[in-house]
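J.: Here is my input; please provide its structure:
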Amino acid sequence: MALLEVRLSDQLPIELKKVIIEESRKAVQILLQKETPWAFKEWLTLKEAQQYLGISWQTLNQWRERGLRVSEMSPRNIFVHKEELNRFLREFER
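T.: Residues are numbered from 1 along each chain as shown. Below you'll find the model as predicted:
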């Protein structure tokens, strides 16, 4: 990810600089959430899990067959916890 650098004039009051920095931080966080909604969630849909890991649907289904635990609310509402994904990847690397 690219680093964002902002240079504020020394002429601006310190309190105004603080407001600009805080509002900029909030705006960036909102944009990141829109771009990568999975980045700020613990439970992911299978589609979000694919995006999070950069893997195909087929790979994710193969992992489920190999023991990746998911929470199936209904056939269309299947979720996986990020920690479970990370646990599975650590185990898979061994």
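
J.: Assign the closest residue to Trp43 other than its chain neighbours to helix, strand or coil.
T.: Excluding the flanking residues, the one nearest Trp43 by C-beta to C-beta, 6 or more residues apart in numbering is Phe79, at 4.7 Å. Every residue, glycine included, has its C-beta placed from N, CA and C. Here Phe79 is recorded as strand under DSSP: H, G, I helix; E, B strand; the rest coil.

J.: give the contact list for Phe79.
T.: 43-46, 70-71, 73 (C-beta atoms under 8 Å, 6 or more residues apart in numbering).

J.: Who does it form a beta bridge with?
T.: Applying DSSP bridges to Phe79 yields these beta-bridge partners: Thr45, Ser71.

J.: so Leu60 touches Ala49, yeah?
T.: Yes. Using C-beta atoms under 8 Å, Leu60 makes contact with Ala49 at a distance of 6.2 Å.

J.: Give me the more crowded residue out of these two.
T.: Between Leu60 and Ala49, counting by other C-beta atoms under 10 Å, Ala49 is the more crowded of the two (23 against 18).

J.: That one and Val80: what is the separation?
T.: 5 Å (C-beta to C-beta, to the nearest Å).

J.: In PyMOL, how would I select just the buried ones from the contacts of Phe79?
T.: Restricted to buried positions by 16 or more other C-beta atoms under 10 Å, the PyMOL selection for the contacts of Phe79 reads:
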select buried, resi 44+45+46+70
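
J.: In terms of distance to Phe92, which of the contacts of Phe79 ranks first?
T.: Of all these, Val70 has the smallest distance to Phe92: 15.6 Å, by C-beta to C-beta.

J.: ok, and the closest non-adjacent residue to the closest one?
T.: Val80 (4.7 Å).

J.: which helix of this protein spans the most residues?
T.: Longest helix in the chain by number of residues, with DSSP state H as the criterion: helix 14-35.

J.: could you dump the one helix or strand in the chain whose mean pLDDT sits lowest to CSV, C-alpha only?
T.: Every helix and strand in the chain was compared by mean pLDDT, DSSP states H and E; the lowest is helix 14-35, with a mean of 78. Coordinates of each C-alpha in helix 14-35 appear next as CSV, following Å, rounded to 0.1, in the frame of the first residue of the first chain:
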residue,chain,number,x,y,z
ILE,A,14,-2.1,23.7,15.6
GLU,A,15,-5.7,22.9,16.4
LEU,A,16,-6.7,23.3,12.7
LYS,A,17,-3.9,20.9,11.8
LYS,A,18,-5.2,18.3,14.3
VAL,A,19,-8.7,18.6,12.8
ILE,A,20,-7.4,18.2,9.2
ILE,A,21,-5.3,15.2,10.2
GLU,A,22,-8.2,13.5,12.1
GLU,A,23,-10.8,14.1,9.4
SER,A,24,-8.3,12.8,6.8
ARG,A,25,-7.7,9.7,8.8
LYS,A,26,-11.5,9.1,9.1
ALA,A,27,-12.0,9.6,5.3
VAL,A,28,-9.2,7.2,4.5
GLN,A,29,-10.7,4.5,6.8
ILE,A,30,-14.1,4.9,5.2
LEU,A,31,-12.6,4.5,1.7
LEU,A,32,-10.6,1.5,2.8
GLN,A,33,-13.8,-0.1,4.2
LYS,A,34,-15.5,0.4,0.9
GLU,A,35,-12.6,-0.9,-1.1
